[in-house]
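3D model of this:
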Amino acid sequence: MQSLSPNILALLPEYILTIVGVLIMLAEPLLPPASSRKPLGWLAILGTVAAALASWCQLHLGTLTAFSGTVQVDTFSVFFHLLISAIVLVTLLISLDYFEGSARHAGEYFALIVFSAVGMMLMTCATELLLVFVGLEISSIATYILCGFRKGSATGAESSIKYFLLGSFATAFFLYGIALAFGATGSTSIAAIAAGLATTTTPRLAFLALAMILIGLGFKVSSAPFHVWTPDVYQGAPSPVVGYMSTAPKAAAFAVLLRITFSAFGPMEHRWAVLMWILAALSMTIGNLGAMLQRDVKRLLAYSSIAHAGYILVAFTALRSEGIAAVCFYTATYAAMQVGAFAVVTQVTGYDEQIRSIDDYTGLALKRPVLAAFLGLFLISLIGIPFTGGFFGKFYVFSSAVHSNHVWLAVVGLFNSGIACFYYLRLLAALYTRPATENTRLDRSSRSLGVPAGIGLTLAAAATLVLGIFPGHFLNLAQRAGAAPAPTSAASTPATVPPAAVTLPMQ
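Residues are numbered from 1 along each chain as shown. Have a look, this model is predicted:
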């Protein structure tokens, strides 16, 4: 691979997924209208695996810069490339049987998933804010369409329109923040902004630029008070899409937020750390209190995702290397348990999604014991019970806050974790409670668990357990991502930099 051009090598995963998406779009019209679109889904799966392998190879090539320094591939970006590839893989596996007999436009679905992943990967390796914006738009436009993919559903159309309108509004804030950053520092490059802050004569304008950018990215990660779209959009969108959009776009947005805060606006950490403290406390509290009032399972998990965004934001108040590693690790654990939970919801509700409330899940263990066991595991991990990824993720995030003297924020997080036990255990109890009357909705929705969906659920469950029982190797990768070099200007950086030796406390 080292014989390839740096411009090709740095964006090889994106090139692979783009080619696969184009092939799916070209092949879909050639298939008979009544034929299955599963082969297109398998093509997307193969392309995702190939992109993940390309990212893994990049991990051993050191730091790569390309396209005049606007792209930097290091351990940090490769970590998120692998995470996004894993989320896409599980989403595609659980979606193969989702459209069978219900929709003839599934080929577009597989292509949109792949194209959105291209935008997210581009966001994680971009060191130029305008390129981040391009990646954000590629990802967002595909996700807007995916939200309304159940074309016969009024709630699906409503979900797509709400997400589009509010998402466009948030994107305007992000773009305006980029313009203000250029006005304050004379550049939109992350490295140049960091250098320009030392000499700028308008520090307040620079801080306003960061505030605008935080508003735009706060919408993408659904943190309070930018969370109002989340419950409605999650409720109306198809279940596999919700599992995807509640994890992969968040991972990409958090990656961008890490680069912008710790690298571009690192000299202003004493200011934006206060904002992160407030956003984290608000997100945890509003998310958990809102979830307690929900009976709809998808809305419950939507408010839960707001709370988990707050847990991740806690790590932004920590020291640089420890905070970045904590964000990376918790994002991965959250992705495993959240995608797994919505994979179970997808299998239970089917395409029509008639099963919605907690009462509809009553007695699931009697009808579908395997699915109930999977969902129980993911709920336990979301609570943060030991020997699951959720426990170690929260432990790492809260301990990083304590190490940086934000003890009260850790206390707020622990208190909110206790509140979350109520609504998670309420759903868990419903799974294993014998219903007073026959649950006819659950009977009508029963269908066998397909092999691809079973593989996807097994991968998510295995990741949840491995991250909780044997977190060492994955934590090492997260720590390497936290210790990755900050973006540098193209003028001072060669095309390939050997990886620096990193001393890791956990081997």
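
Leu279: neighbour count?
Per other CB atoms under 10 Å, the neighbour tally for Leu279 reads 24. C-beta: built from backbone N, CA, C; applies to glycine.

so is it in a helix, a strand, or just coil?
At Leu279 the chain is in helix, as set by DSSP: H, G, I helix; E, B strand; the rest coil.

That one reaches Leu313, doesn't it?
Yes - at 5.4 Å, Leu279 counts as touching Leu313 under the criterion of CB atoms under 8 Å.

Now for those two: what residues contact both?
Counting by CB atoms under 8 Å, 6 or more residues apart in numbering, the common neighbours of Leu279 and Leu313 are Ser223.

taking the mean pLDDT, what do you get for the lengthiest helix in the chain?
In the chain, taking DSSP state H as the definition, the longest helix is helix 154-185. Computed over helix 154-185, the mean pLDDT rounds to 92.

how about it: buried residues?
For helix 154-185, the neighbour count (16 or more other CB atoms under 10 Å) marks 156, 158-160, 162-164, 166-167, 170-171, 173-178, 180-182, 184-185 as buried.

do the same with stretch 411-420
Val412, Gly413, Asn416, Ser417, Ile419, Ala420.

how close does the closest residue to the last one other than its chain neighbours sit to Leu409?
What sits nearest to Ala420 in space, not counting adjacent residues and going by CB to CB, 6 or more residues apart in numbering, is Asn288, at 5.1 Å. Asn288 sits at a distance of 15 Å from Leu409 (criterion: CB to CB, to the nearest Å).

what do you get for Val49?
Counting by CB to CB, the gap between Val49 and Leu409 amounts to 39 Å.

So for the two, which sits in the more crowded spot?
Neighbours per residue (other CB under 10 Å) separate Val49 from Leu409, with Leu409 holding more: 24 against 14.

my guess is that one contacts Ser400, does it?
No - applying CB under 8 Å, one finds Leu409 not in contact with Ser400, separated by 10.5 Å.

what is in contact with these two at once?
Here Leu409 and Ser400 share the contacting residues Val314, scored by CB under 8 Å, 6+ apart.

and Val332, how many neighbours does it have?
Actually, residue 332 is Ala rather than Val. As a burial measure, Ala332 scores 26 neighbours (other CB under 10 Å).

That one: what's it in contact with?
So Ala332 contacts Leu83, Gly389, Gly393, Ala463, Leu467, Phe474, Ala478 (CB under 8 Å, 6+ apart).

Check which element follows whichever strand or helix holds it along the chain.
Using DSSP states H and E, the element containing Ala332 is helix 320-349. On the C-terminal side of helix 320-349, the closest following helix or strand by DSSP H and E is helix 364-367.

How much space separates the residue lying closest to Leu414 once chain neighbours are set aside from Cys328?
Leaving aside its chain neighbours, Leu414 sits nearest to Phe398 (6.6 Å; criterion: CB to CB, 6+ apart). According to CB to CB, Phe398 and Cys328 sit 16 Å apart.

Give me the more crowded residue out of these two.
When Phe398 and Cys328 are compared for neighbours, Cys328 comes out ahead with 29 against 25, by other CB under 10 Å.

distance of Gln58 from Leu92?
22 Å.

Show the contacting residues for Ser417.
Under the criterion of CB under 8 Å, 6+ apart, the neighbours of Ser417 are Ile383, Gly384, Lys394.

isn't Leu122 right up against Phe133?
No - if you go by CB under 8 Å, Leu122 and Phe133 don't touch, sitting 10.3 Å apart.

okay, the two: which has more neighbours?
Ranked by neighbour count (other CB under 10 Å), Leu122 and Phe133 place Leu122 first, with 22 against 19.

Identify the residue spatially nearest to the more buried one, adjacent ones excluded.
In space, Leu122 comes closest to Gly135 once its chain neighbours are excluded; the distance is 3.4 Å by CB to CB, 6+ apart.

So that neighbour versus Pro452, what's the distance?
Gly135 is 29 Å from Pro452, by CB to CB.

what phi and what psi does the backbone show at Thr201?
With angles defined as degrees, to the nearest 10, Thr201 sits at phi -100, psi 0.

of Gly135 and Pro452, who's got more company?
Shown here are Gly135 and Pro452; by other CB under 10 Å, Gly135 has more neighbours (21 against 18).

In which helix or strand does the more buried one reside?
Assigned by DSSP H and E, Gly135 falls in helix 129-147.

May I see the buried residues of that helix?
Neighbour count says helix 129-147 has 129, 131-133, 135-147 buried, by 16+ other CB under 10 Å.

now stretch 202-221
Of the residues in stretch 202-221, 206-210, 212-221 count as buried by neighbour count, 16+ other CB under 10 Å.

Tell me which of the residues you listed fall in helices.
Of the positions in these, 206-210, 212-220 sit in helices, assigned by DSSP H.

Tell me how far the host helix or strand of Ala86 lies from the chain's centre.
Under the criterion of DSSP H and E, Ala86 resides in helix 75-95. Its chain's C-alpha centre and that of helix 75-95 lie 9 Å apart, by CA atoms, centre = their mean, to the nearest Å.

next structured bit after that helix?
Next helix or strand after helix 75-95 toward the C-terminus (DSSP H and E): helix 106-125.

pretty sure Ser159 is touching Val233, no?
Yes - contact criterion CB under 8 Å: Ser159 and Val233 qualify, at 4.8 Å.

what residues are shared contacts of these two?
Residues touching both Ser159 and Val233 (CB under 8 Å, 6+ apart) are Cys147.

Poorly predicted segments of this structure, please.
Applying pLDDT under 70 to the chain flags the ranges 1-3, 101-104, 436-447, 484-485, 488-507.
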